[in-house]
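Participant: Fold the stuff below for me.
(chains A, B and C)
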Amino acid sequence: MSGQPYRREGATGRVLRFRFDGQEYEGLEGDTLASALLANGVRAVASSIRLGRPRGVYAAGCEEPNALVQIEEPFPEPMLQATTVELYDGLVATGLPGQGRLADRPDPARYDAVHAHCDVLVVGAGPAGIAAAGVAARAGARVILADERPEPGGSLLGTAETLDGRPGREWAAGEVAALAALPEARVLGRTTVLGHYDDNYVIAVERRTNHLGAAAPAEMARERVWRIRAKRVVLATGGHERFVAFAGNDLPGVMLAGAARTYANRHRVLPGRRAVVFTTNDSAYAAALDLADAGVEIAAIADVRQAPGEAWAARCAERGIEVLTGHVVTAARGEGEVSSVETAPRSKTQGAGGETREIPADLLLVSGGWSPVVHLFSQSGGTLRYDEGLGAFTPGEARQAVEAAGFARGVTTLRGCLEDGAEAGRRALSAAGLAVPSEIAVPAVGEEPPAAPAEHLWLVESGDYGTHFVDLQRDVTVGEVLRAVGAGLSSVEHVKRYTTAGTAHDQGKTSGLLTSGVVAHALGVEVAELGTTTFRAPYTPVSFAALAGRDRGPLHDPVRVTAMHEWHVARGALFENVGQWKRPWYYPRPGEDPGEDMEAAVLRECRAAREDVAAMDASTLGKIDVVGPDAAVFLDRLYTNMMSTLRAGSIRYGVMCRADGMVFDDGTVIRLADDRFLVTTTTGNAAAVLDWMEEWLQTEWPDLRVHCTSVTEQWATVALVGPRSREVLARLAPGLAVDNDSFPFMTWRDTEVAGIEARVCRISFSGELAYEINVSSWSGLALWEAVMASGEVTPYGTETMHVLRAEKGFPIVGQDTDGTVTPQDLGMEWIVSKKKADFVGKRSFARADTSRPDRKHLVGLLPEDPGVLLPEGAHLVATSSLPEPPVPTLGFVTSSYRSAALGRTFALALVSGGRERAGERLYAPVGADLVPVTVTSHVLYDPEGARRDG
Amino acid sequence: MLLIPCPWCGPRDEAEFHYGGQAHVAYPEDPAALSDEEWARYLFFRDNPKGLFAERWSHTAGCRRWFNAVRDTATNEIHAVYRVGEPRPVIA
Amino acid sequence: MAERRSPAAAFAARFEAASAGGGPRLAEIPFLTQIDLRVDPKSPAAERIGTAIGVPLPLEPGTAVRGGDLTVLWLGPDEWLLLGPDGAAPGLVERLTEAAAGEPVSVVDVSAQRTTLVVAGERARDVLAHGCALDLHPRVFGPGRCAQTTLARAGVVLVAGEDGFRMLVRSSFAAYVAEWLLDASLEYVTPPAGEAAPA
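Facilitator: Predicted structure coming up:
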């Protein structure tokens, strides 16, 4: 181990090579990056975000505030804690100055998610968690045991305790392996529970291949989000050690005592050679003795208390370790790292007499007491209460089926934690309705000396609080907290926001309570009165990649396609997203280089539809079968116009409003039989309209005998449009009489088209002679191919459809309307029935607001320069120069196109009092220009409707 | 993510449901007989209590049935679910 | 009859390859008959329909019953989906309409509205659990259970069988769901060397 000067004798494991800040090092399998760096004597790992002070490893887990690193290879990942990064061969990392750098390339790794259900979720595989999970799982409960570390054991990993005569780490591994073998138990290692939400919905992230480095299998999800629904949750989350605020408490070489113990025991690494210990409680003695046994010279223990635990004092005396009772550390000193520690009687810092001592040391172990990890309990809605004995917050009343066990609820002894966990397991069993075993064996553990009370000290008093840090990651000092209090802030929530203490990505795991303590000290109140800041998810940082999981790239959101989609793709169509649908936008003419641009393609497609024959895939329209004896009454109540008078065989256009009178959807209503209608909706609103119908039927009109069934994808639809559409249809449907008298506008016929059973509707969304041919979607592609077979029919996309309908002034719900537009605003008074006693929306048309003369009306706009295309969304003003802001706007452009039929550009717009403005000149600010436009009717093409019969 | 007990399908994730606002707000018998203010009250005004609230949900991704629930808006606990047309249960 | 094409036809080869690689068995069963039936379960019509199709409409939410070559799925308190073999729709619609005998019943042929995907084999539950929030444990969702729910971001009707699941997927979503299933199966198709597949 000559390459690892701080590695203890007897360490085993494969040697791993890694690079840190450009330097090559060796570590051992099982190391974290932090333990490997300490083994190599690397003290300063990072620098602080605001002050640029050198920082070293402070903790041994996810509470680490200092040792922030960036993984550089195999894939860049910023803002990781060296204490939670598992070492792997080939790891390349750098220390960070408080913030990292995002990768400049897409992450090639896979991420996924999984849903899981259990009777009991146990969070934390320390002694209490293992005991709880074991009891529940052995009795047949469905158990999930999750732990954030690579191996189970929790606190046992850092101590030298034995259970049933076996080292704690070995015992934990054995118990958990036995658990994992049970059919209904699942053990999730390297899995951090991040969030605890309503109804015991718990989110965890499992890190599955991060520790493998470049050896990670590509097909295996690197991280997995677990979405767990637990009937009961046991939080065996243990505790985090706190530090104390004194001068220089951020120097590399200052470390939490428990963390140092973990490095010595678990990783067989000495974090220094000569240590001073500064403590408020007994726990640091066990650390000091373990380190002494490992070969660290313990120069002195400064104990705030006058009376430490007697047994501990005796053990120190046996080893010749000096214990300075009633003492504090007043400063850690050194250039870039600790080289000496100054101690003094506590009385001296409070103004009384006493002698300071400067003790040479390269390590200062601090224990300001331990705080139960109550984050998840608090997130779940549980209350917290201050425990005077612990000097920390512990779980109070639970709001859900959740309980804490072991140290997470303040149990301090190993035996106590094991028993407490077992009891939690029994309660989980009875909650799940399973038999509870009467006898539960708890493993034998060594005698623990009785604990002497801790004395809660938050800060070492001083005349200068400039380097008394409370939040190491945010560089917040006692001085700043005192300034906040001095500015009048007395709530810890306000102090947090004022100073940023507790807001770093460690979320104040080590600093939160310390900040409260300092505030309490300054205000002269108890910490219990002040309370704590709110705990929110996530418990530890989580990557967006993990949260996105599989919902990336092509699976980001469902892509809905029609039966004809493959044809459109093969033909080179460009697609437009309409809701989740991919619809052909336009079809550039094939075989040209450079290809036809959109403008040329759309002009060509429009000409074909107006002058020849063209076809569009209209399958995406929503379709709903409305069936029952009261179907006509029902539709009369939902549409603004009358549907009950429609004869079977005929079709009517209709508009639906919300109760507030605003247009909600439009489409055609086809009467198939007296008691049967087929309703079409806009593409984007299909689900909303069905929900709307069900809502009225179920909640307001349960007496109506009507049923609604979605048939959107049952049918594929081809819109055949243009003066020559009749002759094309006649050829495809020889059995159908297509002349105008036999098959008039707004009627439908069942027939065969291209040998396929079809329903043909004579409706038009372009003003031209047009048909919509509906067939089973299984035959949609065959129908489309048959329509296209002769080569004379031009396929057209949504852009052309939009131009054609806009030329006719047909609005598109959701484009020309926005939920504030009435049918009257659209110039469609004719579709609002005066005869019906009521329909949804009717009463609102009598409100003063819906008849204001300045309501926005749908109008046409003609730019004075016929080549200028207005951007959709452009505002309209009355003056040729802009006045000082706020500029009064008269309305805005909702649709804007180039028209082949008109030989110019045009637009539709919603304009205040627009119908009264016909002929007026308005201006559209576009960039720096004010584009003059003339207001006109919204029907710009064939206003007489002469073209629809061909 | 609430776990909402659909009266038919049993407990399902909140994501399967649509929220429908306050329950027991009936469509007026004769809207034409209402003053503008009364109609506006129906359209736009809803209670917003802290505590128990009777509200409508629809199991849109499941059986597509509308139902009512009494939920505590402060704790998110659902105290009862009941079918449309049934009276609001008394929660002790 | 002109050529029919099922919504997931383009995925046949990739489904087969995934199934052969040790992953879940994925397949499309095209062109099944599907009839959506709405009827008051307490009405005489409901009883007559049960007699006509040879199996009473299941009244317990989330259950499916089989009768002859028909499977009847509970979709809602007054809604059922009848599954039958390819080509059975016209006859079935006629039988149902006849049995309704003028009572207010809705019978709608929705055979092409959804297609049927099979997710079967040892890994079926694991694959679905990546995107389905239901508890698919055999004690909770075993053979005879069905549910309308979501898989990833698509609505599905999930039917548990002896050897896995049938999943009815809206035709326009079929390609998305197929891609999703293939992606979710990847880990199970080629188990990573040296790593135990998750339990």
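Participant: Bridged to the residue of chain C found nearest chain B, which residues?
Facilitator: Per Cβ to the nearest Cβ, C:Gly76 is where chain C lies closest to chain B, at 3.9 Å. Yep, even glycine has a C-beta here, placed from its N, CA and C like the rest. Beta bridges link C:Gly76 to C:Glu79 when assigned by DSSP bridges.
Participant: OK, contacts around it?
Facilitator: By Cβ atoms under 8 Å, 6 or more residues apart in numbering or on different chains, the contact set of C:Gly76 is B:8, B:63-65.
Participant: So which of those reach chain A?
Facilitator: B:64-65 (Cβ under 8 Å from any Cβ of the partner chain).
Participant: of all the contacts of C:Gly76, which two lie farthest apart?
Facilitator: B:Trp8 and B:Arg64 (9.9 Å; Cβ to Cβ).
Participant: And for the helix or strand bottoming out on mean pLDDT in chain C, what's in contact with it?
Facilitator: The weakest-scoring helix or strand in chain C, judged by mean pLDDT, DSSP states H and E, is helix C:12-20 (a mean of 93). For helix C:12-20, contacts defined as Cβ under 8 Å, 6+ apart pick out C:8, C:24-28, C:121, C:178, C:182, C:185, C:189.
Participant: For those, could you give me TSV that also reports neighbour count?
Facilitator: Shown next, in TSV, are those (neighbours: other Cβ atoms under 10 Å in any protein chain shown):
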residue	neighbour count
C:Ala8	24
C:Pro24	25
C:Arg25	19
C:Leu26	27
C:Ala27	17
C:Glu28	21
C:Gly121	17
C:Ala178	22
C:Leu182	18
C:Ser185	26
C:Val189	18
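Participant: part of a helix, is A:Val233?
Facilitator: No - according to DSSP: H, G, I helix; E, B strand; the rest coil, A:Val233 belongs to no helix; its state is strand.
Participant: just checking, it touches A:Val402?
Facilitator: Yes - assessed by Cβ atoms under 8 Å, A:Val233 is found in contact with A:Val402 at 4.2 Å.
Participant: For these two, indicate the residue with more neighbours.
Facilitator: A:Val233 (27 against 23; other Cβ atoms under 10 Å in any protein chain shown).
Participant: Could you check how far the more buried one is from A:Gln379?
Facilitator: According to Cβ to Cβ, to the nearest Å, A:Val233 and A:Gln379 sit 11 Å apart.
Participant: shared neighbours, those two?
Facilitator: Contacts common to A:Val233 and A:Gln379, judged by Cβ under 8 Å, 6+ apart, are A:His196.
Participant: Can you name the residues that contact A:Pro744?
Facilitator: Contacts of A:Pro744 by Cβ under 8 Å, 6+ apart are A:Arg762.
Participant: Quick one, grab the pLDDT at it.
Facilitator: A:Pro744 carries a pLDDT value of 97.
Participant: sec struct for it, please.
Facilitator: coil.
Participant: Give the buried residues for the least confident helix or strand of chain C.
Facilitator: Neighbour-count burial for helix C:12-20 flags C:14-15, C:18-19 (criterion: 16 or more other Cβ atoms under 10 Å in any protein chain shown).
Participant: go on, stretch A:722-735?
Facilitator: Buried-residue list, stretch A:722-735, by 16+ other Cβ under 10 Å: A:722-726, A:728-729, A:732-733.
Participant: In TSV, list those along with secondary structure and pLDDT.
Facilitator: Below are the buried residues of stretch A:722-735 laid out as TSV (DSSP: H, G, I helix; E, B strand; the rest coil; pLDDT from 0 to 100):
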residue	secondary structure	pLDDT
A:Gly722	coil	98
A:Pro723	coil	97
A:Arg724	coil	98
A:Ser725	helix	98
A:Arg726	helix	98
A:Val728	helix	98
A:Leu729	helix	98
A:Leu732	helix	98
A:Ala733	coil	98
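Participant: show me where chain C has strands.
Facilitator: Assigned by DSSP state E, chain C shows strands spanning C:25-29, C:33-38, C:64-67, C:70-76, C:79-84, C:106-109, C:114-120, C:146-151, C:154-161, C:164-170.
Participant: Equivalent analysis for chain B, please.
Facilitator: Under DSSP E, chain B gives strands at B:3-6, B:10-13, B:18-22, B:52-58, B:66-72, B:78-83.
Participant: I'd like these laid out as JSON lines, including mean pLDDT.
Facilitator: Formatted as JSON lines, these follow (pLDDT from 0 to 100):
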{"stretch": "strand B:3-6", "mean pLDDT": "98"}
{"stretch": "strand B:10-13", "mean pLDDT": "98"}
{"stretch": "strand B:18-22", "mean pLDDT": "97"}
{"stretch": "strand B:52-58", "mean pLDDT": "98"}
{"stretch": "strand B:66-72", "mean pLDDT": "98"}
{"stretch": "strand B:78-83", "mean pLDDT": "96"}
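Participant: and the ones you listed as JSON lines, adding distance to chain A and mean neighbour count?
Facilitator: As requested, these are exported to JSON lines (distance: least, Cβ to the nearest Cβ, whole Å; neighbours: other Cβ atoms under 10 Å in any protein chain shown):
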{"stretch": "strand B:3-6", "distance to chain A": "4", "mean neighbour count": "19"}
{"stretch": "strand B:10-13", "distance to chain A": "8", "mean neighbour count": "18"}
{"stretch": "strand B:18-22", "distance to chain A": "7", "mean neighbour count": "14"}
{"stretch": "strand B:52-58", "distance to chain A": "7", "mean neighbour count": "20"}
{"stretch": "strand B:66-72", "distance to chain A": "5", "mean neighbour count": "21"}
{"stretch": "strand B:78-83", "distance to chain A": "9", "mean neighbour count": "16"}
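Participant: on that earlier part again, and which of the buried residues of helix C:12-20 is nearest to chain A?
Facilitator: Of the buried residues of helix C:12-20, the one sitting nearest to chain A (Cβ to the nearest Cβ) turns out to be C:Ala18, at 12.1 Å.
Participant: Would you indicate which residues of stretch C:151-162 are buried?
Facilitator: Buried, per 16+ other Cβ under 10 Å, within stretch C:151-162: C:151-161.
Participant: Buried residues in stretch A:13-27, which are they?
Facilitator: Buried-residue list, stretch A:13-27, by 16+ other Cβ under 10 Å: A:16, A:18, A:20, A:25-27.
Participant: Can you show me the CA trace of that stretch as CSV?
Facilitator: The C-alpha coordinates for stretch A:13-27 follow below in CSV (Å, rounded to 0.1, in the frame of the first residue of the first chain):
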residue,chain,number,x,y,z
GLY,A,13,-9.8,-5.7,-2.3
ARG,A,14,-8.9,-5.2,-6.0
VAL,A,15,-6.7,-2.2,-6.7
LEU,A,16,-8.5,0.4,-8.8
ARG,A,17,-6.9,3.2,-10.7
PHE,A,18,-8.4,6.7,-10.9
ARG,A,19,-7.5,10.2,-11.7
PHE,A,20,-8.4,13.3,-9.6
ASP,A,21,-7.5,16.8,-10.6
GLY,A,22,-5.1,15.5,-13.2
GLN,A,23,-3.2,13.2,-10.8
GLU,A,24,-3.2,9.4,-11.0
TYR,A,25,-4.1,7.5,-7.8
GLU,A,26,-4.9,4.0,-6.7
GLY,A,27,-7.8,3.0,-4.5
